[in-house]
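>>> Here is my input; please provide its structure:
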Amino acid sequence: MKPALGAKVTPLRPKRNCPECGRPSERAHYPFCSPRCKAVDLNRWLSGAYVIPGTEDEIPDPETDER
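All right, here's what the predicted structure looks like:
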């Protein structure tokens, strides 16, 4: 079923700005605006700059670990 002429089509995802530089994101690099911003973000993940905090309870203790 095709929309009627002049009907407004709702996009699948909202437009957002690039999380690295704030420019409008591009479809080919979503949610980033360019391959450069995408690579900068990936480098931050791989270098450990982004860390998901955890509690000490999540760290297994080798003395009490029952495997």
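
>>> Flag the shaky bits of this structure, pLDDT-wise.
Counting by pLDDT under 70, the low-confidence segments of the chain come to 1-3, 11, 56, 58-61, 64-67.

>>> What's the separation between the residue positioned nearest the centre of the chain and Thr55?
Centroid-nearest residue in the chain: Pro31, 6.9 Å away (criterion: Cα atoms, centre = their mean). Going from Pro31 to Thr55 by Cβ to Cβ, to the nearest Å gives 29 Å. Yep, even glycine has a C-beta here, placed from its N, CA and C like the rest.

>>> and Lys38, backbone torsions?
When read as degrees, to the nearest 10, the backbone of Lys38 gives phi -60, psi -40.

>>> can you count the residues close to it?
Residues lying near Lys38 (other Cβ atoms under 10 Å) number 18.

>>> Wait, it touches Phe32, no?
Yes - shown here, Lys38 and Phe32 form a contact pair, counting by Cβ atoms under 8 Å, at 4.4 Å.
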